[in-house]
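[1] task: produce atomic coordinates for the following.
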Amino acid sequence: MIKYKRYSFPRDTLLFIRITLRVIYYLAILDKKPSTSIIENIRSRITTQKEINTTTGTEHLERVYRLVSYLLIKVLNGNKPCLIRSYIVLEEALKLGLNAQLYIGVDKSEQYFKGHSWILIDNQSFLENDEELSKYTIMLRG
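    Numbering: from 1, shown residues only. Purely as a prediction, here's the structure:
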C-alpha cells in the first residue's frame, strides 16, 4: 500500500476517480445551469448512503476538499475552486447523512466584487475562516 498525505493507494483509487468525474461534470455544467438548479439537483438525487459519526465524516470531507482543490488548482490550473469544491463537498456530506448547507456570497470591500462559496456543517464553517466569511453578503443558501 502506498501512502501519500491522507490518501492510501490502492484504497483511495475509486475516490480519486469518482471525485475527478464530479469535477469534470461540474466544470461542464457550471455555465449552463444556475446555482439554485444545481443545488436543488444535488439535494433531490442524493440519499444518505450511511449514517456516520461527525468525526469520521469530517475526515472524509477534508480529504475530498483537498482532492478537489488539488485537481482544480494544480492539475487544471484554475484559481477559483470554491464553487465546484462546495458542490462536491455538499454532495459528500449529504451522502454521509451530515447536516450541510452551501452558501454563496459576495464581498465588495474593495473596488471590485469578490465571490466565494463555502459549506456549513451543523452550522459550523467547514475548513474556512469565520472572520473572512463574515465579510461576505450571502446571496444564496442551499
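
[2] burial of residue 58, as a residue count?
    The local packing of residue 58 (other CB atoms under 10 Å) involves 20 other residues. All C-beta spots, glycine's among them, are computed from the backbone N, C-alpha and C.

[3] apart from its chain neighbours, what residue comes closest to it?
    residue 121 (7.3 Å; CB to CB, 6 or more residues apart in numbering).

[4] and the pLDDT for that neighbour?
    Model confidence at residue 121, given as pLDDT, is 93.

[5] cool, and residue 3?
    Residue 3 is assigned 75 on the pLDDT scale.

[6] what about the residue nearest to residue 58, distance to residue 96?
    Going from residue 121 to residue 96 by CB to CB, to the nearest Å gives 10 Å.

[7] give me the common contacts of the two.
    Common neighbours of residue 121 and residue 96, counting by CB atoms under 8 Å, 6 or more residues apart in numbering, are 57, 61.

[8] show the pLDDT at residue 78.
    For residue 78, the predicted pLDDT is 84.

[9] where exactly do the strands run in the chain?
    Here the chain has its strands, by DSSP state E, at 2-4, 7-9, 100-107, 114-121, 124-125, 137-141.

[10] could those strands go into a markdown table alongside mean neighbour count?
    As requested, the strands of the chain are exported to a markdown table (neighbours: other CB atoms under 10 Å):
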| stretch | mean neighbour count |
| --- | --- |
| strand 2-4 | 9 |
| strand 7-9 | 13 |
| strand 100-107 | 18 |
| strand 114-121 | 19 |
| strand 124-125 | 14 |
| strand 137-141 | 11 |
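
[11] fine by me, thanks again.
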